[in-house]
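> Sequence first, then the predicted structure:
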Amino acid sequence: MKNQYILVTGGAGFIGSNFIKYFLSKYINYYIVNLDLLTYAGNLENLKEVESHERYKFVKGDILNRELIEYLFSEYKFEGVIHFAAESHVDNSILNPHTFIETNINGTHNLIDIAYKFWRKNSIKGRFHHISTDEVYGTLGKTGLFTETTPYAPNSPYSASKAGSDMIVRSYHHTYGLDTIITNCSNNYGEKQHDEKLIPTIIRNALQGNNIPIYGDGKNIRDWLYVLDHCKGIDLAFHNGKSGETYNIGGRNERENNYIADKICEILDQKVPKAQSYKKQITYVTDRLGHDKRYAIDATKLENELGWKADENFETGIVKTS
Ligand SMILES: NC(=O)c1ccc[n+]([C@@H]2O[C@H](COP(=O)([O-])OP(=O)(O)OC[C@H]3O[C@@H](n4cnc5c(N)ncnc54)[C@H](O)[C@@H]3O)[C@@H](O)[C@H]2O)c1
């Protein structure tokens, strides 16, 4: 494979940082420029191991900054973009939707528009890979799975902003023939996740002796995906996915929030034992507004067409998560 530069956005966040490390170690032909604004969610410590890697460069900047991104394209002649940058926390979107619309919708539009125009002008066959969420499909009842043809029905400002960004990417493929891929994944967990998300919140509060807050009755269900399985799915879709297609990535690991909290407490009871079980710290708190009940992904398309398979189930992945 020939050497090429790719632009990764949001690479100082949870999934992006795992992806950059995975990609640099797997391939020797990619040079990665990581564009990240370093919001509260971005942390360069996540990339400590690769900060001086010869094929890696960090640029602090906003995906809304047209001038900067145009400069980066002209400087590095990117042949691919893998777009992780986003405001990603549903609770924050309920408090402050504006930033979500700005970053997730306008930022994605800015980025894809620059990529499209640069690639057209320079006759480069670039690929734009957009990372999205299963939350765009809304919520499920007790049965059923999200497939790539499930109608969009986002319920939170976060999922609405991601749905909007997916539609922009879709439109650049259909209108301009841009080579695009969208992957919609379920809830990730693993190393380097921000403290605000459910699993780090459980672990941190447990170890600090605080109440472990669980929304509502704890019966909401998510389909948990180990972050490195996600990275492998992105890798396959980026290299072998069919242009203009969407691929769902989910771990086939539906678990109730109550189960997640209990399981983590059981692991901590063994690893860091104390007088009484960490389970005693579990406390139910007022439910999130508009809280979706159940998400579950049918990943058959990625499995059958591209040969992806999750290596971890929740029980094996969680013990690798520190
Ligand atoms: N974490 C999950 O479970 C999950 C599930 C489905 C989809 N996703 C999607 O995956 C992507 C990555 O998620 P994550 O959990 O790693 O998010 P994260 O919040 O950990 O990281 C987001 C990164 O984007 C950067 N960023 C934010 N605004 C920016 C801007 N305007 N310009 C440049 N950089 C900016 C932040 O500094 C941060 O480093 C997001 O697009 C998210 O919607 C995440």
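Perfect, I can see it now.
> Kindly state the pLDDT recorded for the closest residue to the ligand within the stretch 151-300 of the chain?
Distance from the ligand to each residue of the stretch 151-300 of the chain (C-beta to the nearest ligand atom) is smallest for Asn188, at 3.6 Å. Yep, even glycine has a C-beta here, placed from its N, CA and C like the rest. Note for Asn188: predicted pLDDT of 96.
> Any stretches of the stretch 201-322 of the chain with poor pLDDT?
322 (pLDDT under 70).
> let's go with 90 and repeat that
321-322 (pLDDT under 90).
> Which stretches in it count as strands?
Counting by DSSP state E, counting those that start in this stretch, one finds strands in the stretch 201-322 of the chain at the ranges 212-215, 221-223, 225-226, 245-249, 254-256, 282-285.
> which residues touch the first one?
Right, the one you point to is strand 212-215. 201-202, 205-206, 257-258, 261, 265, 278, 281-288, 291 (C-beta atoms under 8 Å, 6 or more residues apart in numbering).
> Surely Asn46 is within a helix?
Yes - assigned with DSSP: H, G, I helix; E, B strand; the rest coil, Asn46 falls within a helix.
> Just give the nearest non-adjacent residue to it, would you?
Ser17 (3.6 Å; C-beta to C-beta, 6 or more residues apart in numbering).
> from what I can see that neighbour touches His194, true?
No - if you go by C-beta atoms under 8 Å, Ser17 and His194 don't touch, sitting 10.8 Å apart.
> Could you point out the longest helix of this structure?
The residue-count maximum for a helix in the chain (DSSP state H) belongs to helix 157-176.
> any idea how far the nearest residue to Glu315 once chain neighbours are set aside is from Ile82?
Nearest in space to Glu315, with sequence neighbours left out and distances taken as C-beta to C-beta, 6+ apart, is Lys263 at 7.2 Å. Distance, Lys263 to Ile82, by C-beta to C-beta, to the nearest Å: 31 Å.
> Looking at those two, which has the bigger crowd around it?
Using other C-beta atoms under 10 Å as the criterion, Lys263 and Ile82 rank with Ile82 on top: 26 against 16.
> what ranges do the helices span in this structure?
For the chain, applying DSSP H gives helices covering 14-26, 66-76, 90-95, 97-100, 108-121, 157-176, 198-208, 227-240, 257-271, 300-306, 314-318.
> quick check: angle from the longest one to helix 108-121?
On the basis of axes from the mean of the first three to the mean of the last three C-alpha atoms, to 10 degrees, helix 157-176 is oriented at 20 degrees to helix 108-121.
> Okay, buried residues for helix 157-176 please.
157-166, 168-169, 172-173 (16 or more other C-beta atoms under 10 Å).
> Pull the residues that contact that helix.
Here helix 157-176 has contacts from 86-90, 92-94, 97, 100-101, 103-105, 108-109, 112-113, 116, 120, 128, 130, 132-133, 135-136, 138, 152, 154, 178-180, 182, 184, 243-244, 246, using C-beta under 8 Å, 6+ apart.
> hmm, back to that, who's in contact with the residue nearest to Glu315?
Per C-beta under 8 Å, 6+ apart, neighbours of Lys263: Arg255, Phe314, Glu315, Ile318.
> I'd like the distance from it to Asp292, if you could.
21 Å.
> What about Pro200, how many residues nearby?
Neighbours around Pro200, by other C-beta under 10 Å: 16.
> Report the contact partners of it.
Gln193, His194.
> need the residues of the stretch 1-150 of the chain near the ligand, please.
Residues of the stretch 1-150 of the chain lying close to the ligand (C-beta under 6 Å from any ligand atom) are 9-10, 12-16, 36-39, 41-42, 62-64, 84-88, 103, 107, 131, 133.
> Which single residue of this protein ends up nearest the ligand?
The nearest approach of the chain to the ligand comes at Gly13, 1.9 Å away (C-beta to the nearest ligand atom).
> out of the helices of the chain, which comes closest to Glu148?
With C-beta to C-beta, the closest approach to Glu148 among the helices of the chain belongs to helix 300-306: 5.8 Å.
> Output the contacting helices and strands for the closest one.
Helix 300-306 is packed against helix 227-240, strand 245-249, with contacts defined by 3 or more C-beta pairs under 8 Å, 6 or more residues apart in numbering; DSSP states H and E.
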